[in-house]
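> coordinates only, no sequence provided:
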């Protein structure tokens, strides 16, 4: 976030944020495992996310 400080300072003038959109109540807990592991593996293969995905899954499982 600190590195993005210059962008964040001007972002409101570049990107309009909708503040009046109703949002559903959502939990803030992160999942421990993927909902659809097969689909996730397919996406990881398609987009070359192998190492990054493994680090994420390891972190979520901890």
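Looks like it came in fine. Remember, it's a predicted structure, so these values are computed and weren't measured experimentally.
> and residue 58, its phi and psi?
Taking degrees, to the nearest 10, you get phi -60, psi -40 for the backbone angles of residue 58.
> and it, how many neighbours does it have?
For residue 58, the count of nearby residues is 9 (other C-beta atoms under 10 Å). Placement of C-beta: from N, CA and C, glycine included.
> for residue 26, give me phi and psi.
phi -130, psi 140.
> that one and residue 57, how far apart?
21 Å (C-beta to C-beta, to the nearest Å).
> what residue in the protein is the furthest from its centre?
Computed with C-alpha atoms, centre = their mean, the residue of the chain farthest from its C-alpha average is residue 13, at 23.8 Å.
> and the gap between that one and residue 7?
To residue 7, residue 13 is 11 Å away according to C-beta to C-beta.
> more neighbours: which of residue 26 and residue 57?
Higher neighbour count among residue 26 and residue 57: residue 57, with 16 against 6, using other C-beta under 10 Å.
> so that one sits right up against residue 32, yeah?
No - assessed by C-beta atoms under 8 Å, residue 57 is found out of contact with residue 32, at 9.4 Å.
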